[in-house]
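J.: Okay, structure incoming, though there's no sequence with it:
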């Protein structure tokens, strides 16, 4: 069970990196830090962050996968990752992107993903 704990912890770290790789450049632009950057520099910046995402994601999947003695099937790992991804994204957007707001339909969508995790683990 400890492998599952470490897998989830690594997935959280991976998704923090992923969210900053995918959306952090927009915050930098909003702060006028990267206004003059050519698109290739923005892409390279994001790839640099994504490197750390993969450094966490790959071990998370290896630890968590039942192929390697972990507690989760590949489908369960993917569904867990999606819920973590949405949770991390929502928290980061709420903290760093003040113009974005959470609406009822977003909460319903999130609840549906949580239900997906429940059904994925149902025997």
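T.: Happy to help now that I have it. Source: prediction; values computed, not measured.

J.: Which is the succeeding secondary structure element to the one helix or strand residue 16 maps to?
T.: Element membership of residue 16, judged by DSSP states H and E, is helix 2-30. Stepping forward along the backbone from helix 2-30, the first helix or strand reached (DSSP H and E) is helix 39-64.

J.: quick one: that next one to chain centroid distance?
T.: Taking the mean of its C-alpha atoms, helix 39-64 sits 11 Å from the chain's own mean (Cα atoms, centre = their mean, to the nearest Å).

J.: The helix holding residue 16 vs helix 39-64, what angle?
T.: Between the axis of helix 2-30 and that of helix 39-64 there is an angle of 170 degrees, by axes from the mean of the first three to the mean of the last three Cα atoms, to 10 degrees.

J.: Now do helix 2-30: which elements does it pack against?
T.: Using 3 or more Cβ pairs under 8 Å, 6 or more residues apart in numbering; DSSP states H and E as the contact criterion, the neighbours of helix 2-30 among helices and strands are helix 39-64, helix 74-96. Backbone N, C-alpha and C define where each C-beta goes, glycine included.

J.: Can you tell me which helix or strand of this protein has the lowest average pLDDT?
T.: Ranked by mean pLDDT, DSSP states H and E, the helix or strand of the chain with the weakest confidence is helix 104-121, at a mean of 86.

J.: Can you give the distance of it from its chain's centre?
T.: Relative to where its chain is centred, helix 104-121 has its mean C-alpha point 16 Å off (Cα atoms, centre = their mean).
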